[in-house]
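K.L.:
the following block contains a protein sequence and its predicted model.
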Amino acid sequence: MYDFVPKKIFFTKGVGTHRDELHSFERALRDAGIEKCNLVQVSSIFPPGCKNISKVQGLKELVPGAITYCVMSRCCSNEPKRLLAASVGCAIPADKTSYGYISEHHAFGLTEKQAGDYAEDLAAAMLASTLGIDFNVDESWDEKKEIFKISGKIVKTRNVTQSTIVKDDRYTTVVAAAVFVF
């Protein structure tokens, strides 16, 4: 077995504003509690047997300066009145020895619920396709969610989403992340 497979994961989100784009991103990371890490973005696999822990517990386990792996969504703008959203969705299989999926989605003009549902739908659809669950991709998320539940192969879906409206001409950044803990 690999020693480099995360055993725990937590979900977090944040928003930051500043006249400089990079500083607004750092403030969003600070709001999410993960600014002290050297973040490495990875793709979409939820490891088999990985335990979902609370943000509070996860933040306690982070070490300043450590290389920290995450699936992150980020959206930024300095256009006043622009609606921003960043979301991470997750779908976990019923079989704990199988892997799940994590998706990231960022968008302009979507509410927190719309972006969250979309990210959750993405993760569930990716997992469903690997599990051989037959579904119509054009159905609404609510209809697909019922099919996934009935199949008994997907045990849980969730999302973490941050949205906000840009208040003035300063940069505003939203982030959402699934952070792996070893």
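P.N.:
Thanks, I have the structure now. Predicted model, so just to flag it, every value in this text is computed and none were measured.
K.L.:
just after the helix or strand hosting L39, pick out the following helix or strand.
P.N.:
Element membership of L39 [criterion: DSSP states H and E] is strand 38-41. On the C-terminal side of strand 38-41, the closest following helix or strand by DSSP H and E is strand 45-46.
K.L.:
direction included, what does that following strand pair up with?
P.N.:
strand 100-108 (antiparallel) (DSSP bridges).
K.L.:
and Y118, helix, strand or coil?
P.N.:
Following DSSP: H, G, I helix; E, B strand; the rest coil, we place Y118 in the helix state.
K.L.:
just name the shakiest helix or strand of the chain by mean pLDDT.
P.N.:
For the chain, counting by mean pLDDT, DSSP states H and E, helix 141-151 ranks last in confidence among helices and strands (a mean of 76).
K.L.:
buried stuff in the following helix or strand past that one?
P.N.:
Counting by DSSP H and E, the next helix or strand C-terminal to helix 141-151 is strand 154-165. Going by neighbour count (16 or more other C-beta atoms under 10 Å), the buried part of strand 154-165 is I154, T157, R158, N159, V160, T161, Q162, S163, T164. The way it works is simple: take the backbone N, C-alpha and C, and place the C-beta from them, glycine included.
K.L.:
so where's this protein uncertain?
P.N.:
Scanning the chain for pLDDT under 70 picks out 1-2, 150.
K.L.:
ranges for the helices of it?
P.N.:
21-32, 55-61, 112-131, 141-151 (DSSP state H).
K.L.:
which of those helices sits most buried?
P.N.:
helix 112-131 (a mean of 21; mean count of other C-beta atoms under 10 Å).
K.L.:
would JSON lines of the helices of the chain with distance to S77 be doable?
P.N.:
As requested, the helices of the chain are exported to JSON lines (distance: least, C-beta to C-beta, whole Å):
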{"stretch": "helix 21-32", "distance to S77": "9"}
{"stretch": "helix 55-61", "distance to S77": "26"}
{"stretch": "helix 112-131", "distance to S77": "14"}
{"stretch": "helix 141-151", "distance to S77": "26"}
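K.L.:
between those, which one is nearest to I67?
P.N.:
Nearest to I67 among these is helix 55-61; the distance by C-beta to C-beta comes to 13.9 Å.
K.L.:
I'd assumed F46 was in contact with N52.
P.N.:
No: applying C-beta atoms under 8 Å, one finds N52 not in contact with F46, separated by 9.1 Å.
K.L.:
higher neighbour count, those two?
P.N.:
For N52 versus F46, neighbours defined as other C-beta atoms under 10 Å are more numerous around F46 (23 against 15).
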